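Chemist: please work out how this folds:
(3 chains)
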Amino acid sequence: MTDIQRLLQSRSFVELGARQRARAVLDPGSFRELLGPFDRLMSPWLPRQGIVPQADDGVVIAKGRLNGRHTVLAAIEGGFQGGSMGEVGGAKIAGALELAIEDNRNGTPTSAVLLLETGGVRLQEANLGLAAIAEIQAAIVALRSYQPVIGLIAGAVGCFGGMSIAAGLCSHLLVTREARLGLNGPQVIEQEAGIGEYDAKDRPFIWSLTGGEQRHASGLVDGYVADDVDAIRQQLLQLLDTPATDRASRHAWFLERLSRLGDDCPQLDAAAVRTLYQGETQ
Amino acid sequence: METLTFQFAAAEPGRGRTVVGCVSSGDLEVLIEPGTAGSLQIQVVTSVNGSGARWAQLFQRLFEGRQWPAVNIDIHDFGATPGVVRLRLEQGFEEIAP
Amino acid sequence: MNRASNWLPGLAGGQALPGYPASLQVIDGELDNRLARFIAVVPDAHNPFPRARAGEVGLLEGWGLAKAVSEAVEADRHGEKRAIVAVIDVPSQAYGRREEALGIHQALAGAVQAYARARLAGHPVIGLLVGKAMSGAFLAHGYQAQRLIALDDAGVMVHAMGKAAAARITLRSVEALEALAAEVPPMAYDLDSYASLGLLWRRLGVDNAETPSADDLARVRTCLADAVRDIGSSTDLSSRLTGENRRASREVREHLRRQWQGA
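Modeler: Numbering: from 1, shown residues only, chains lettered A, B, ... in the order given. Model (predicted):
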């Protein structure tokens, strides 16, 4: 097959909505949505502030199979309120992972897939979003001791705020070229630290530091894949059978690497980060 | 933000239910599910205040004078143009078509 | 002025352990006749990372917390699990170019995982809020604790984003934001509203929240010991779900559970 044929046959994953993404990832016919839009569990806080809610609060939860194995999947809809985590959407993810932990304890091995497309806490539900993210993080750590939790950041929103920390807790993290992964959004950094520190309008600069390709090249994610439905599913299936890197437990390694930057760390470009983070045990 | 309701004559209850669209800028979410015989009910929650007449006109053109299945339609609108609204409604009805 | 550095020595009573970044103070003391590790993130004017010099949680702090907590877990693997007390006054995570480039999210994930694994391994983990507990900084330092205790003081604040920044991001004036926050408890900046969410186990009045008296220290230590006993053998965060303004969090879980079996 030529490159052009391949291009013509590829189906973009990034262009899909959260529900379509969930269906595309799980084994054909195995998708069972929980707390779907017709249950109408919506944000109690947005309408009070004059903001139109969404019937599923921007989170799709599904039980299904991945290569025949029991899997729970959570997909965040980046189009609704920037994929932000409110009380309901956050509780849907945390609650689903908590039930998967129970199933594992009771002898039904169940893994998890998180489709992360989120700016982090929904500011209109601030402290309840933050609390929910702490509970999602707690559940990821607990579930991982039984079965893999795989995070996928496809784009176009990327994964930021407290949910970027959640991404850092996953057994495996998969990204595309359209993905960005970082704690703080560019605007917030520019506002807090000044345009000299971070120019939120300089897109090439931001992508060079936080884009999917850079994160993969510097060992901060496990897989890098084209924006194609089939390729993404194949990579997810592969990661399911790969031992976890447990990056979050490598404090000794990271502290040693950071110490090489000296007593007054200079600004670094993408290449310097790749060089610093090269080497074994990543 | 405001909430509007509309009602039109309809035939027998429709079958199946579906959700299309998303509450994102310039778009809307449409939920369609079976209603009670003879009546097509619509509830619109929209971010655009004072748009009641526009919605009424759009729905009249679509739903009056034709026999639609009796369904309940729930709309969460984030500033969609009439063209996008029509597109989403057509998409929704297509998905529940027998 | 950082409140955590004012509280830590009196609460813990020992010497700071060597081997950590200067922005991290780790002291092994005792609580309720059991070993206890007290941990605080404090300002360090000479921090190699300039955006983390005022007590923010940055790269060194995230990985340093991970080290402090996971080394305690390792040391107690076969013995009694020491209590772990996060003494919290963290104004924010570090906002900077170096931080994003070097993966601050992963450093904070290191801290979160260490605290969560300590809890799961049977350590009583307590978050003591003596000042600010903001956003990602709080997630990394304290929010994984089985019990959260807050000093009943106007200087104690939990939030996802500082007032000024939140106003800018949501395109509101600070006044408009405050007016809105007064009607929406999860958006509010005051401790009463936060308490109504049910996330705090106790609020504790003291004479001086900035610089504690001997009485204050004794009162807080008693409360911490109560928390250790109250935790007992629980290892999860389920005690946080009873708040009056957290109804939807409960409803979602109840509905999910009902649908889970049949799906």
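Chemist: where does A:L258 land on pLDDT?
Modeler: pLDDT, A:L258: 98.
Chemist: show the pLDDT at residue 40.
Modeler: Because you didn't say which chain, this covers chain A. Per the predicted model, pLDDT is 97 at A:R40.
Chemist: you answered for a different chain; I wanted chain B.
Modeler: 96.
Chemist: who does it bridge with?
Modeler: B:F8 (DSSP bridges).
Chemist: I'd say it and B:R66 touch.
Modeler: No: B:L40 is not in contact with B:R66 according to Cβ atoms under 8 Å; the separation is 10.3 Å. Every C-beta, even on glycine, is put in place using the N, C-alpha and C of the backbone.
Chemist: the closest residue to chain B within the stretch 51-200 of chain A and A:I101, how far apart?
Modeler: Closest residue of the stretch 51-200 of chain A to chain B, Cβ to the nearest Cβ: A:G79 (3.6 Å). Computed with Cβ to Cβ, to the nearest Å, the distance linking A:G79 and A:I101 is 30 Å.
Chemist: the nearest residue to A:R247 once chain neighbours are set aside: which element?
Modeler: Spatial nearest neighbour of A:R247, excluding adjacent residues (Cβ to Cβ, 6 or more residues apart in numbering or on different chains): C:Q106 at 6.2 Å. Element membership for C:Q106 (DSSP states H and E) is helix C:104-120.
Chemist: what about that helix, average pLDDT?
Modeler: Mean predicted confidence for helix C:104-120 is 98.
Chemist: follow-up on the earlier one: and the residue of the stretch 51-200 of chain A closest to chain B, what pLDDT?
Modeler: Predicted confidence (pLDDT) for A:G79: 97.
Chemist: that one - that's part of a strand, no?
Modeler: No: under DSSP: H, G, I helix; E, B strand; the rest coil, A:G79 sits outside any strand and is assigned coil.
Chemist: once you drop chain neighbours, what's closest to it?
Modeler: B:S24 (3.6 Å).
Chemist: can you classify the one you found as helix, strand or coil?
Modeler: Strictly by three-state DSSP, B:S24 counts as coil.
Chemist: sorry, back to before: which one of B:L40 and B:R66 has more residues nearby?
Modeler: Using other Cβ atoms under 10 Å in any protein chain shown as the criterion, B:L40 and B:R66 rank with B:L40 on top: 23 against 10.
Chemist: list the contacts of that one.
Modeler: B:7-10, B:63, B:68-71, B:73 (Cβ atoms under 8 Å, 6 or more residues apart in numbering or on different chains).
Chemist: and with 6 Å instead?
Modeler: B:8, B:10, B:68, B:70-71 (Cβ atoms under 6 Å, 6 or more residues apart in numbering or on different chains).
Chemist: partner residues bridging A:I153?
Modeler: Bridge pairing for A:I153 - DSSP bridges - gives A:V175.
Chemist: wait, it touches A:S164, no?
Modeler: No: at 9.0 Å, A:I153 does not count as touching A:S164 under the criterion of Cβ atoms under 6 Å.
Chemist: overlap of the contact sets of the two?
Modeler: With Cβ under 6 Å, 6+ apart as the test, A:I153 and A:S164 both reach A:L181.
Chemist: would you mind measuring from A:E256 to chain B?
Modeler: Distance, A:E256 to chain B, by Cβ to the nearest Cβ, to the nearest Å: 44 Å.
Chemist: and that residue, how many neighbours?
Modeler: Applying other Cβ under 10 Å, I find that A:E256 has 11 neighbouring residues.
Chemist: with the one 5 residues further on instead?
Modeler: Other residues lying near A:L261 total 17 when counted by other Cβ under 10 Å.
Chemist: quick check on the residue of the stretch 151-282 of chain A found nearest chain C: phi, psi?
Modeler: Taking Cβ to the nearest Cβ, chain C has its nearest neighbour within the stretch 151-282 of chain A at A:G168, 2.9 Å off. Dihedral angles of A:G168 (phi, psi; degrees, to the nearest 10) stand at phi -70, psi -10.
Chemist: chain neighbours aside, what residue packs nearest to it?
Modeler: Excluding its sequence neighbours, the residue lying closest to A:G168 (Cβ to Cβ, 6+ apart) is C:A109, at 2.9 Å.
Chemist: who's in contact with the one you found?
Modeler: Here C:A109 is in contact with A:165, A:168-169, A:248 (Cβ under 6 Å, 6+ apart).
Chemist: show me which pair in these is furthest apart.
Modeler: Largest separation among the contacts of C:A109 by Cβ to Cβ: A:I165 and A:A248, giving 9.2 Å.
Chemist: please see if the top helix by length along chain B touches chain A.
Modeler: The longest helix of chain B (DSSP state H) is helix B:82-96. No: Helix B:82-96 lies out of reach of chain A by Cβ under 6 Å from any Cβ of the partner chain, never closer than 12.0 Å.
Chemist: any low-confidence regions in the stretch 151-282 of chain A?
Modeler: A:280-282 (pLDDT under 70).
Chemist: so where do the strands sit in it?
Modeler: Using DSSP state E, counting those that start in this stretch, the strands of the stretch 151-282 of chain A run over A:172-175, A:223-224.
Chemist: kindly report the same for chain B.
Modeler: Ranges of strands in chain B, per DSSP state E, are B:2-9, B:18-21, B:28-34, B:39-46, B:71-77.
Chemist: before we move on, the earlier item: now, of the contacts of B:L40, which are buried?
Modeler: The neighbour-count criterion (16 or more other Cβ atoms under 10 Å in any protein chain shown) marks B:8, B:10, B:68, B:70-71 among those as buried.
Chemist: make a markdown table from the residues you listed and add pLDDT to it.
Modeler: Shown next, in a markdown table, are the buried ones among the contacts of B:L40 (pLDDT from 0 to 100):
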| residue | pLDDT |
| --- | --- |
| B:F8 | 95 |
| B:A10 | 94 |
| B:W68 | 91 |
| B:A70 | 96 |
| B:V71 | 97 |
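Chemist: neighbour-wise, which of A:I165 and A:A248 wins?
Modeler: Remark: of A:I165 and A:A248, A:I165 carries more neighbours, 33 against 30, as counted by other Cβ under 10 Å.
Chemist: tell me, how many residues neighbour the closest residue to C:L191 other than its chain neighbours?
Modeler: Distance criterion Cβ to Cβ, 6+ apart; nearest residue to C:L191, sequence neighbours excluded, is C:V156 at 5.6 Å. Using other Cβ under 10 Å, C:V156 has 22 neighbouring residues.
Chemist: many thanks, have a good one.
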